[in-house]
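Asker: from the sequence below, what's the structure:
(2 chains)
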Amino acid sequence: MRRAGAVETSIGVFILILLVTIAGGVYLYGAFSPNGPYRHRSILSSMGSSVPSYLPGDLAPFGREQTFDSQTLADQIDGKADFYLSSGFVKLTVNRFARKTDAKSWIEVSVYDMRNPADAFSVYSLQKRKGSRPLELDGDISAYRTEDAIFFTAGPKYFEIISSARGLMDDMTILAKNLSKEQPRSAELKTESFFPRESLDQSTISLHIEDVFSFSGLDHVYTAIYTDRGCRVTAFISRRKDPKEARDMAAAYGKFLLQNGGTAAGEISEAPGSKIFKVFDTYEVVMHQGRFFAGTHEVDKLESAKEVALQVYHKLSETVK
Amino acid sequence: MSEKIKDRPGQSEMDRRDFLIRTAKMGVTVGVAAALGVFLHDPFGPRAPKEKPPVALPDFAVPRAGKKMAIATGADRIKTVNGAIQALGGMGSFVTKGDRVLIKVNGAFASPPSLCATTNPVLLAEVVRMCFLAGAATVAVTDNPINDPQSCFSLTGIAEAAKSSGAELILPEESLFTDMSAPGSQLIRDWPVFTGAFKGATKLIGMAPVKDHHRSGASMAMKNWYGFIGGRRNIFHQDIHTFIKDLAVMIKPTLVILDGTSTMVSNGPTGGSVSDLKQTNTMIVSTDQVAADSAGARLLGKTPRDLPFLVKAEQAGVGTSDFESLKPVRVTTG
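Answerer: Numbers count the residues shown, from 1 in each chain, chains lettered A, B, ... in the order given. Below is the predicted model of the structure:
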């Protein structure tokens, strides 16, 4: 009977090696992937992470890096996953670092990759902690700190740095600064910068992605809180695709207010196309300027609603020029 | 006569004998493959899986204890939990000599105790101590954090608290889960449940912190049973209120201990900063999990009407949302 030739033997050996390699790959995936079937292996037991360049000198990696996608995000943050998933979530990367001299003093850095900078700003702004303080980071990065944590957003990423113990804030600040320097810069003017500064509480600027003001047609709206003669005023700005969409959105939102108990209450003469609505005991100003749909929302005093809306209108007019 | 059959040039010659042997082998191979195909052929195709009949988990309630509740106020968890349990007749009213106690903690996240996203380890150690003092033969502590349980138990301080107080830690090994349907449940149908944790247990105590929850509005004693569920359980977030009701129907605890010493009032259920917490200095202990959660809802500035799972659980007969009707014993600790 004919014996296999050298070429056939080589092909056979190659196929066997390939199969063994695939089997090895499947095992390694199962053993080390957070999605794998052997996930009870503790991540703390493996200290293989390389030291990132942004890490202060007295900290060292504590366990290995973990990543989560839209299918596995709930494994890490349970019920909060929906919040991110509805806001353009792409990927979460988590790393822990501990003091070299005290493993109980550790920090956790969570980096949320979002679809775009607006989505990242949205999840950052909507979780802003009360009583927090602004934090100066590189460039115009939006950042704040609390007693034991730092939160910031840069480009399409949202960062959370939390700590296990007090006394880590200096390290966390250095880490945040180093990390923020590594983020790419965008030359595009941010929509939130169109809010006039006078009497604005800068820390209140938020981006709402969908179902804004309970109106299902309204999305991607920035809000900010002003104080006008003691009256709290919520102003809003939404950049639309073109002037027509901005105009249509103003009309649709006005119609929505009228269908939900609102009544027409005039207009602001200096802001052409603006409309004022009285909705129960509060006032809404709805207007458009170029690509922007804007106004004030649920304001107790008519004069304050008009005053802040007019400031917003003038600022947008300068931008549109 | 031997006829030689030649393959392609350069290959060895084949005689009639070789040819017949090879042909026979090929025939056998094809025959076996065909027979195997016929043997394995299913003329009816795949059928819908047969659902197993519902199986009830043990009822851990102590009938003589009835429905009762105590609310202790104070900043010291050890004092408040002792005060509240004492007001209900002491741990001996619930745990007796030889009992094997299972404590279901909230260890869902690998976060530090200071964030109050998980069961407080100091409180856990104290409750374990009280169980042993009442005569428990064993105390076990468990939860099923989906992501890396060992890290969750370690970083939350739960593992150390269990170890130092003499309790066993039950990790959610895959072999401890059983696919089952729960009686009276709408959503728990043929789903992996952490039944292995209950093996041998005679009493069950739930220990949960009071937290805001992005999806359900609140995470308290009833939501804490989520950790007895396996699989890709996040799909139940689509109908979270019905699911929490189902959990409460399925699990009948001896006692629930709801820790509202520091309530997570925002950014729940993970939190991330002490800024998400509010000092509310309240410890709620009850044999009625619906009543306990209804009292806990107040710490979040909510009423039972704001939390549909409480309404559903009450309608299902699990307990009462009118917790004042239980005439809770109120205790103030120094």
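Asker: tell me who's in contact with A:Asp82.
Answerer: Shown in contact with A:Asp82 (CB atoms under 8 Å, 6 or more residues apart in numbering or on different chains): B:His214, B:Arg215, B:His237. In short, each C-beta sits where N, CA and C put it, glycine included.
Asker: could I get the buried residue list for the host helix or strand of it?
Answerer: A:Asp82 belongs to helix A:81-85 when assigned by DSSP states H and E. In terms of neighbour count (16 or more other CB atoms under 10 Å in any protein chain shown), helix A:81-85 has its buried residues at A:Ala81, A:Asp82, A:Phe83, A:Tyr84.
Asker: likewise stretch A:215-234?
Answerer: A:215, A:218, A:220-226, A:228, A:231, A:233-234.
Asker: do stretch B:305-318 as well
Answerer: Applying 16+ other CB under 10 Å to stretch B:305-318 flags B:Leu307, B:Pro308, B:Phe309, B:Leu310, B:Val311, B:Lys312, B:Ala313, B:Glu314, B:Ala316, B:Val318 as buried.
Asker: how about the fifth one, nearest residue that isn't a chain neighbour?
Answerer: When the adjacent residues along the chain are set aside, B:Val311 lies closest to B:Pro304, with 6.4 Å between them (CB to CB, 6 or more residues apart in numbering or on different chains).
Asker: B:His241 versus the one you found, what's the distance?
Answerer: In this view, B:Pro304 and B:His241 are 12 Å apart by CB to CB, to the nearest Å.
Asker: quick one, domains of the chain?
Answerer: Looking at chain A here, since you left the chain open. A:43-181, A:191-320 (automatic domain parsing).
Asker: that's the other chain; I wanted chain B
Answerer: According to automatic domain parsing, the ranges for chain B are B:4-40, B:63-332.
Asker: picking up where we left off before, just checking, the residue nearest to B:Val311 touches B:Ser294?
Answerer: Yes: with contact defined as CB atoms under 8 Å, B:Pro304 reaches B:Ser294; the gap is 4.8 Å.
Asker: shared neighbours, those two?
Answerer: When contacts are counted by CB under 8 Å, 6+ apart, the set common to B:Pro304 and B:Ser294 consists of B:Leu310, B:Ser321.
Asker: got the residues of the stretch 151-300 of chain A near chain B?
Answerer: Within the stretch 151-300 of chain A, the positions adjacent to chain B are A:Phe151, A:Glu160, A:Ile162, A:Ser163, A:Ser164, A:Ala165 by CB under 8 Å from any CB of the partner chain.
Asker: so where's the stretch 201-321 of chain A shaky on pLDDT?
Answerer: Along the stretch 201-321 of chain A, segments meeting pLDDT under 70 span A:320-321.
Asker: which single residue of it ends up nearest chain B?
Answerer: Among the residues of the stretch 201-321 of chain A, A:Ser203 lies closest to chain B, at 12.6 Å counting by CB to the nearest CB.
Asker: in a strand, A:Val90, correct?
Answerer: Yes: judged by DSSP: H, G, I helix; E, B strand; the rest coil, A:Val90 forms part of a strand.
Asker: for A:Val308, see how far away it is.
Answerer: Between A:Val90 and A:Val308 the computed distance is 36 Å (CB to CB).
Asker: re the thing from before, tell me which two of the buried residues of stretch A:215-234 sit farthest apart.
Answerer: A:His220 and A:Cys231 (26.6 Å; CB to CB).
Asker: circling back: compare B:Pro304 and B:His241 (neighbour count), which wins?
Answerer: Per other CB atoms under 10 Å in any protein chain shown, whichever of B:Pro304 and B:His241 has more neighbours is B:Pro304, with 22 against 17.
Asker: pull the contacting residues for that one.
Answerer: Contacts for B:Pro304 (CB under 8 Å, 6+ apart) come out as B:Ser294, B:Ala297, B:Leu310, B:Val311, B:Glu314, B:Ser321.
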